[in-house]
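Enquirer: The sequence and its predicted three-dimensional model are supplied below.
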Amino acid sequence: EITFQHKNLYSGIPDNFGDLDKLQRLRLTGNYLKGEIPESISNLSELEILKLNSNYLTGSIPHNIGQLSKIDTIWLTDNSLGCYDYDYECDEHFKTLHNTKEFCCITHCDITNDCSAIIPESITDLTQLQVLQLEENLISGIIPSNIGEIDSLKYLYLDNNLIAGEIPNSLGNLLILRRL
């Protein structure tokens, strides 16, 4: 277990964290972590809890996150996921502005910068997932149409993003969903 919550840590998440193949819990909540979530996070085959909320993370949710077969909690709330280039000084000056993240995002993720602002389809492969918290980011696109296949899902938070489109019919399959 790695837990450094509210420790004023600066920098990014080391790519070699993906080598910690016995790691079950990674909690780095409430720091000043910047940069992208390394794709190597998806190598953590024993990971059950991933809490990276309340940082300054940018870029994509790893496209291969669906490989985390034992994960039951993903908490990425209050970052700048979906933003490719973020002005951190702007964020410090305009913290009270309602849409600070969008205001301070210099460049949104798109195909030209090899960055994706969507919820990866592979997230629906996480059969143990109970908590998915992605609110307060700059995630765009649509909700994966087969999200209702995660029948273990109890809590799904997607608010305060740039998500558009239809509500997937499959959400009606989430019989134990408590919060949406």
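Expert: Looks like it arrived, so ask away. These numbers were taken from a predicted model, which means no experiment stands behind them.

Enquirer: How far does stretch 80-90 stretch from one end to the other?
Expert: 13 Å (Cα to Cα, to the nearest Å).

Enquirer: Check stretch 18-36 too.
Expert: Stretch 18-36 has an end-to-end distance of 14 Å (Cα to Cα).

Enquirer: what does the average pLDDT come to for that stretch?
Expert: When pLDDT is averaged over stretch 18-36, the result is 95.

Enquirer: quick one: buried residues of it?
Expert: 18, 20, 23, 26, 27, 28, 29, 30, 31, 33, 34, 36 (16 or more other Cβ atoms under 10 Å). Where C-beta positions appear, they are placed from N, C-alpha and C, glycine not excepted.

Enquirer: Skip the chain neighbours and tell me the closest residue to the second one.
Expert: When the adjacent residues along the chain are set aside, residue 20 lies closest to residue 44, with 6.5 Å between them (Cβ to Cβ, 6 or more residues apart in numbering).

Enquirer: wait, the one you found sits on residue 68?
Expert: Yes. Under the criterion of Cβ atoms under 8 Å, residue 44 is in contact with residue 68, at a separation of 6.5 Å.

Enquirer: residue contacts, the residue positioned nearest the centre of the chain?
Expert: Nearest residue to the geometric centre of the chain (Cα atoms, centre = their mean): residue 76, 3.8 Å. Neighbouring residues of residue 76 by Cβ atoms under 8 Å, 6 or more residues apart in numbering: 37, 50, 52, 53, 57, 61, 133, 134, 137.

Enquirer: I'd like those residues as a markdown table, with distance to residue 153 and secondary structure appended.
Expert: Compiled in a markdown table, the contacts of residue 76 are given as follows (distance: Cβ to Cβ, whole Å; DSSP: H, G, I helix; E, B strand; the rest coil):
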| residue | distance to residue 153 | secondary structure |
| --- | --- | --- |
| 37 | 20 | coil |
| 50 | 15 | strand |
| 52 | 19 | coil |
| 53 | 18 | coil |
| 57 | 22 | strand |
| 61 | 16 | coil |
| 133 | 11 | strand |
| 134 | 12 | coil |
| 137 | 18 | coil |
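
Enquirer: one step back: return the distance of the residue nearest to the centre of the chain relative to residue 172.
Expert: Going from residue 76 to residue 172 by Cβ to Cβ, to the nearest Å gives 25 Å.

Enquirer: For the nearest residue to residue 175 once chain neighbours are set aside, which residues are in contact?
Expert: In space, and not counting its chain neighbours, residue 175 is closest to residue 151: 7.0 Å by Cβ to Cβ, 6+ apart. Residue 151 is in contact with 127, 173, 174, 175, 176, counting by Cβ under 8 Å, 6+ apart.

Enquirer: ok but residue 85 is inside a strand, no?
Expert: Yes. According to DSSP: H, G, I helix; E, B strand; the rest coil, residue 85 belongs to a strand.
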